[in-house]
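Student: A structural model of the following input is requested.
(3 chains)
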Amino acid sequence: MSKKVHVQTNINGEAVDFLCEPRNSLLEVLRDELDLTGAKEGCNNGNCGACNVVMDGRLVNSCCVLGVEADGCEITTIEGIGAAANLHPLQQKFLEHAALQCGICTPGFIVSAKALLDSNPNPSEDEVRYWLAGNLCRCTGYDKIVRAVLDARNGA
Amino acid sequence: MSQNGHKVIGTRPIRHDGVDKVTGRAIYGADIQLTGLLYGAIKRSPHPHARIKSIDTSRAEAHPGVRAVVTAHDLPQIADKLADLGEAIVNLRDASNNVLAYGKVLYKGHAVAGVAAVNLHVAQEAVELIDVEYEPLPHVTGVLEAMEDGAPILHEDMKTTSMGEETDKVSNIANHFQHKMGEPDDGFAEADVVVEREFTTQTVHQGYIETHNATALWNEEGQLTIWTSTQGAFSVRDQMSEILQMPISKVKIVPLEIGGGFGGKISVYLDPVAALLSKKTGHPVKMTMTRDEVFEGTGPTPGSYLKVKMGATNDGRLTAATAYMAYEAGAYPGSPVGAGAGCIFTPYDIPNVQIDGYDVCVNKPKTNAYRAPGATNAAFATETVVDEISEKLGVDPLEFRVKNGAKEGTRRADGPVHPVIGCIETTEAALNCEHYRSSLDKTANGKVRGRGVASGYWFNFNGGRSAISVSINPDGTINMLEGSTDIGGSRASIAMQLAETIGLEATDIKPYVVDTDSIGYTDVTGGSRTTFGTGYAAHATGQALIREMKERASKLWDVPADAIDFADGVFSYRDDAEKRGTFKELASQAGDAGGPVVAQVSTNPDGSGGGAFATHVVDVEVDRETGKVDILRYTAVQDAGTAIHPSYVEGQMQGGVVQGIGWGLNEEYIYNDAGSMTNASFLDYRMPTTLDLPMIETIIVEVPNESHPYGVRGVGEVPIVPPPAALANAIYDATGVRLRDLPMSPPRVQQALAENGG
Amino acid sequence: MHAFDYATPESVADAVVMLSDPGKNACVLAGGTDLIVQLRENRRRTDLVVDVKKIAELNALSCDAATGLTIGAAVPCYRIYGDGQIAAAYPGLMDAARLVGGTGIQGRASLGGNLCNASPAGDTIPPMIVLGGEAEIAGPDGTRKVAVEDFCTAPGRTVLADGEFLVSLHFPAPAPNSGAYYRRFIPRNEMDIAVVGVGASVVLSGDKSSFVSARIAVGAVAPTPLFVSAAGEALAGEPVSDETIQRAADIARDAARPISDMRGTAEYRKHLTSVLTRRVVQGAVQRAKE
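Tutor: Residues are numbered from 1 along each chain as shown, chains lettered A, B, ... in the order given. Predicted coordinates for the structure are as follows:
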């Protein structure tokens, strides 16, 4: 084991400190240290998008970020996007369109789609499909996910 | 108001567990945290076939932070015993040896030891410190090679069972069976057109995004609790009881949310190891698989070899069909070849049929169910032969299917006679759909285009065991406890059936999937049974509640219970219009007339799961130079019996289609000469992404299932069955070349086109 | 993953000191999308991860019509294609920057990292080669420059000596009437490793009827990304025609010496090299004409 490092970040609008070994990924820190289990581990090598979070305004695979790299960064996870009382329009549209089945990929899709709409409020279907190609879903065939994102465009 | 006079069924309410899942609050298997938690990891075989000469765990045990190491010697050695897990029958001795190898390893990735440590990294370091001495043995990974005399033998004590009798022959063929109906030779003699072709398919994985996980706590009193994501908590309980040889009353399974299964999360892998590690350490132990462990160490669905021969007369009648089906079982017997044989010719009414099936062990992971297990391999063969016959006869392939379609009373080659089914209705709906009637330009952008169709069948398991327990709150809402894992919206589809029965809204029902101590035995979510079987129980529960509420109303109103009617959600006394009330109105008073209102119902319906039929239409574009196939348009047509929540029926269809597209075009386990899978990652396994697909159009046909009060048929599995064949037929239409080997990946297509001048 | 230490130098000099420590097996972290996975999968071991993202030079991104384009080695892909001026001036580079991994990967992955990872199939390397890219390297003996086509020496190996690391990449300003293009072949449409990747840059005559010069590079068909100078030279002075382009494609195909693996057979890769080279040169010509 290596010496733990003190890391200061801002997660979902709140200052958060944690200790971690340099080898701990941001995903491990979020899930195992900070109880933010909305980010999921599907592949642990950047090929499924289930762990996606926004770091300093940019979408990243949190499995491919070291926890220590988060020092001084602002991070948004699925837990910071909306709660039952104030769902983000994307979350509402995912529900209305039945855009989830098992739901394990859903947080990653919503984080990714929000990053898309934040940078491009009115994407075409092709742009949505391109942006989300790094998010795997095995249940839905993507149809209802893409529809939900398209439907959230103006409401977002 | 929906169709058929239903108020709830056929509507599209937001699922009950939806908010938790879109906000990241839902707790999946790997999300659980417990006090004193240790983390586990598995040591796996690097060899596809080897004798274990010794396992030395001393270095691992001495590693700082390691708390325990276990091997097969920590498992009770159990005798042969068959157990029905819901989608497959397994030998529990094999199941135990698959969990931790005993004596031999039979595939690369076979688990040989487990470690528990203070964190995952330390556990993984310790895995490297376990020293296993192997004597490598020759291996075999191809099904036909494994059947040859002289092939490396996986199980020296396994004798082939043939036609129900055990023979003296030791071979990798665990079982050969035959279904025969009529006289195929006579049928082929009658035929004007006979087509016989050979096909191969490769091992493919279910590909759920959540990896396997299990967290175990074996407490001081010997009570074992497992938190896990599984398709069937009770099936896990049964397996744990058998593999660990402990009383079932000592095992409790707590099902957490599950991130996909498709048949692959029924067998246990980590659970017994986590339990042994917890027993040794006295701490809860969490184990999760990495993605490569999922590919190499769980149960994909088999590669196969098929030879199919079909004959038809010039007037377009099928007269005979035969099939030779050899499926890879993987390391232990039990491929879904039997299910495949039950499906292979089932969309058709053919008088003379013979099917020979072979279950063959190979040095690959023990195969498991995957969405209509066995049927997709089978349909790939049949549906492309049917396409070829239709072409030779000069008839539309869907009209040919309508003409020869199975219907009520048609007998399957493996015995059963169809009840009311929607085979022909589904095919006709495809024939008449806008997509099929639209025109398609055959060339564009320097590429060629084509259209293909295919049909498919899946049994849908008949009901099975389900239990539901409800309690009524004073506000008239209902807490509904069930044992069925909700893998894609079944909380909603079951709650909707209860709501319909008692005249409430879907949102008035609060469904909970609970642990094995809290509800009666419920079979797995598999075989497309849940909305049918547990929905059947929900209807029965509603009926019980209506009876109970009549009793309560009888006391409240002081009138005879048998003079109280229930209709349109209202209880009313026949002789006094003043004495009436909705379910909710009565619920607020019912507690005063006999205590809280509760009901418990369990069911195991006799009737059929209904049989599911699907017909698909696909347009493709083929780049002749690279062999790449792109999907332009896709329409799936399917008989759902009655669609409870149409959005989730569509979702099942779309998801199944896309898995079938992946299977058809790119997915496969690629083995090297050393018997090692070379593409055990999402990167190289190549499941479809958003960018590989168009929208998937759906047409729901509703031919109600007579065996269900609302006419439900299972919908989950059959949509994976037609796609590979539909794609092959579309590629043929585009290029003039028929592909008979899956996947139809770019190198294969390019090579086939080059060889055939297509 | 085995344990390691972590450091964040803020100057090139400090980084060189850390990377030169003979007692430590140190490695450089930029976007981490290759390194972290390799460490996790035990394909690589290290004692010290040196995160270079706090060094100003590594984050530089500047584009000048006279001097060309400079990209710090740690600049993530999204910053490159997100810069309208750069995207317009170097579309051939954007072709590759937009298809490295998914969107989440592009939030971290850099061209510098792609080059230092030295995969034969690294998507950004062929376009960097054909654009005349130059790598600036810092080390114990100061800085030096190496042409991108000379940077990779074997799968996973580069010209970087002990203590050296990549600081930035430099590309000359595009010539008039020039165009560049990169395309890879993959079985899916995203999220894949190139079975073959081809980059081409061309400079056309004033009337756009003939090639003044051309550079062609191919990925995934040799132990390193392959600069096929003969293929480009075969176009110089020749008319823009299907025939001349096909000749260049044939030269590229013949130069390819691929292996067979789970991503494609050698034979298939050679075939694709020809097909893609033709299409990519055509694409580059199209851009030069625009």
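Student: how many neighbours does the residue of the stretch 51-200 of chain B found nearest chain C have?
Tutor: Proximity of the stretch 51-200 of chain B to chain C (Cβ to the nearest Cβ) peaks at residue B:121, 5.7 Å away. Just so you know, the C-beta spots here come from the backbone N, C-alpha and C atoms, and that holds for glycine as well. Neighbourhood size, residue B:121 [other Cβ atoms under 10 Å in any protein chain shown]: 22.
Student: list the contacts for it?
Tutor: The neighbours of residue B:121, taking Cβ atoms under 8 Å, 6 or more residues apart in numbering or on different chains as the test, are A:1, A:21, A:23, C:1-3.
Student: and the closest residue to residue B:561 other than its chain neighbours, what element?
Tutor: Counting by Cβ to Cβ, 6 or more residues apart in numbering or on different chains, residue B:561 lies nearest to residue B:554, which is 3.8 Å off, once chain neighbours are set aside. Using DSSP states H and E, residue B:554 falls within helix B:535-557.
Student: so what strands line up beside the helix or strand following that helix?
Tutor: Following helix B:535-557 in sequence order, the next helix or strand is strand B:564-567 (DSSP H and E). Using DSSP bridges, the strands paired with strand B:564-567 in its sheet are strand B:570-573 (antiparallel).
Student: What are the buried residues along the strand it pairs with?
Tutor: Applying a neighbour-count criterion of 16 or more other Cβ atoms under 10 Å in any protein chain shown, one finds B:571-573 buried in strand B:570-573.
Student: circling back: so for the helix holding residue B:554, what's the average pLDDT?
Tutor: For helix B:535-557, mean pLDDT rounds to 96.
Student: do stretch C:32-52 as well
Tutor: Averaged across stretch C:32-52, the pLDDT comes to 96.
Student: Tell me if that stretch is near chain A.
Tutor: Yes. Stretch C:32-52 is in contact with chain A by Cβ under 8 Å from any Cβ of the partner chain, via C:32-33, C:36-37, C:39-41, C:49, C:51.
Student: Relative to chain C, how far out is residue B:38?
Tutor: As for residue B:38, its distance to chain C is 18 Å (criterion: Cβ to the nearest Cβ, to the nearest Å).
Student: Give the full set of residues in contact with that residue.
Tutor: B:67, B:116-118, B:277-278, B:281, B:283-286.
Student: Chain neighbours aside, what residue packs nearest to residue A:21?
Tutor: In this structure, residue A:21 finds its nearest non-sequential neighbour in residue A:2, 5.0 Å apart by Cβ to Cβ, 6+ apart.
Student: do residue B:489 as well
Tutor: Leaving aside its sequence neighbours, residue B:489 sits nearest to residue B:648 (Cβ to Cβ, 6+ apart; 3.9 Å).
Student: In terms of secondary structure, what does the helix or strand containing that neighbour contact?
Tutor: When elements are assigned from DSSP H and E, residue B:648 belongs to helix B:646-665. Where contact means 3 or more Cβ pairs under 8 Å, 6 or more residues apart in numbering or on different chains; DSSP states H and E, helix B:646-665 is packed against helix A:143-152, helix B:375-393, strand B:628-639, strand B:696-701, helix B:723-735.
Student: Closest residue of the stretch 301-450 of chain B to chain A?
Tutor: residue B:371 (10.4 Å).
Student: pLDDT at residue 155, what is it?
Tutor: Because you didn't say which chain, this covers chain A. Looking at residue A:155, its pLDDT stands at 50.
Student: Oops, wrong one, chain B.
Tutor: 97.
Student: what's the closest of the helices and strands packed on helix B:646-665 to chain C?
Tutor: Nearest to chain C among those is strand B:628-639 (7.0 Å), distances taken as Cβ to the nearest Cβ.
Student: what comes up buried for that closest one?
Tutor: Neighbour-count burial for strand B:628-639, with 16+ other Cβ under 10 Å as criterion, is recorded at B:628-631, B:633-639.
Student: Show me which residues of the stretch 151-290 of chain C are close to chain A?
Tutor: Taking Cβ under 8 Å from any Cβ as the contact definition, the stretch 151-290 of chain C meets chain A at C:189-191.
Student: quick one: secondary structure of the nearest residue to residue B:104 once chain neighbours are set aside?
Tutor: The shortest distance from residue B:104 to any non-neighbouring residue, by Cβ to Cβ, 6+ apart, is to residue B:51 (5.4 Å). Following DSSP: H, G, I helix; E, B strand; the rest coil, residue B:51 is assigned to strand.
Student: Residue B:51 - how many residues pack around it?
Tutor: For residue B:51, the neighbour count with other Cβ under 10 Å is 13.
Student: just checking, it touches residue B:138?
Tutor: No. Using Cβ atoms under 8 Å, residue B:51 makes no contact with residue B:138, being 11.8 Å away.
Student: what separates the closest residue to chain A within the stretch 101-250 of chain C from residue A:133, distance-wise?
Tutor: Among all residues of the stretch 101-250 of chain C, residue C:102 sits closest to chain A, at 1.6 Å; criterion: Cβ to the nearest Cβ. Distance of residue C:102 to residue A:133, computed by Cβ to Cβ, to the nearest Å: 6 Å.
Student: follow-up on the earlier one: now, the most widely separated pair of the contacts of residue B:38?
Tutor: Largest separation among the contacts of residue B:38 by Cβ to Cβ: B:118 and B:278, giving 14.4 Å.
Student: of these two, who's got more company?
Tutor: Each of residue B:118 and residue B:278 has its neighbours counted (other Cβ under 10 Å); residue B:278 has more, 25 against 16.
Student: which residues does that one contact?
Tutor: Taking Cβ under 8 Å, 6+ apart as the test, what residue B:278 contacts is B:38, B:116, B:216-218, B:224, B:284-285.
Student: taking these one by one, which sit in strands?
Tutor: B:38, B:116, B:216-218, B:224, B:285 (DSSP state E).
Student: Now the buried members of those residues.
Tutor: Using 16+ other Cβ under 10 Å, the buried members of these are B:38, B:116, B:216-218, B:224, B:285.
Student: Name the nearest residue to the closest residue to chain C within chain A, sequence neighbours excluded.
Tutor: Using Cβ to the nearest Cβ, the single residue of chain A nearest to chain C is residue A:134, 1.6 Å away. Closest residue to residue A:134 apart from its sequence neighbours, by Cβ to Cβ, 6+ apart: residue C:102 at 1.6 Å.
Student: All good on my end, thank you.
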